[in-house]
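Undergrad: For reference, the sequence and a predicted model appear below.
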Amino acid sequence: MSIRHTVIDSKVDSLLLIADGDALAGLYFEGYRFTPSLDGLGSRVGAGSDPVFAQAARELAEYFAGERRVFEVPAVTAGDAMQEQIWARLREIPYGERVTYGDIAIGLGDRSLSQLVGQAVGRNPVSIMIPCHRVVGAGGKLTGFGGGLRRKQILLELEEPDEVRGSRLF
C-alpha cells in the first residue's frame, strides 16, 4: 500500500488522516499549521474502504463517545531522535491525566529542554492518538496546541474524571 489520505468528521471538526502502508502516519486538525503539503498526502480514499482508516475512524468515534481510552490502530512517526523520544513520552501519559512541558523535560533529564519539548509536541503528527493535548503549561495553563485551544479544552474535558467534572462550578 502507498501513502493515502481521507477526511472524517469528529466532535472537534474535520480530521485529516494519512496512512502509510498498514499504519496511521498523520492525524491533523483542520487548519493545523504543520499539515503536510498536498503532494505528500497521496490519493484520497474513502474512510470505510481502507482498513487503517476504518479502524482509526471507529476508534476515534468510540473515544469521542467516551467508550475508548487507548488506541490500537498502528501509528508511525518520522521525526528526529529527540522528537521520537518526546512522542514516546506522550504515548505514556494516561487517559485523563495532564503533564507539563517541564515534567517531560525533567523526565528527559534536563529541565532546560522545555522549549524543545514544546516544539516537538507542536509537531506531533498523530494528534489525539499520541495525546499531545494532555500536555499543559506550568500551573496547568492551557497553552501551545496546534489544533487550537478550543479543541484542546474539548479533549481535556472529554477525558476529565467524573469527580472532577462534577466539582466544577461552570
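TA: Great, that's in hand.

Undergrad: as a whole number, average confidence for the longest helix along the chain?
TA: Longest helix of the chain, by residue count under DSSP state H: helix 51-64. For helix 51-64, mean pLDDT rounds to 97.

Undergrad: Against which helices or strands is that helix packed?
TA: Where contact means 3 or more CB pairs under 8 Å, 6 or more residues apart in numbering; DSSP states H and E, helix 51-64 is packed against strand 3-8, strand 15-20, strand 23-29. C-beta: built from backbone N, CA, C; applies to glycine.

Undergrad: what about the strands in the protein?
TA: 3-8, 15-20, 23-29, 43-44, 99-100, 135-136 (DSSP state E).

Undergrad: Columns mean neighbour count, distance to Gly109 and mean pLDDT on top of these, output as CSV?
TA: Putting the strands of the chain into CSV (neighbours: other CB atoms under 10 Å; distance: least, CB to CB, whole Å; pLDDT from 0 to 100) gives the following:
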stretch, mean neighbour count, distance to Gly109, mean pLDDT
strand 3-8, 18, 35, 95
strand 15-20, 22, 31, 96
strand 23-29, 22, 29, 95
strand 43-44, 10, 42, 92
strand 99-100, 18, 16, 95
strand 135-136, 22, 18, 94
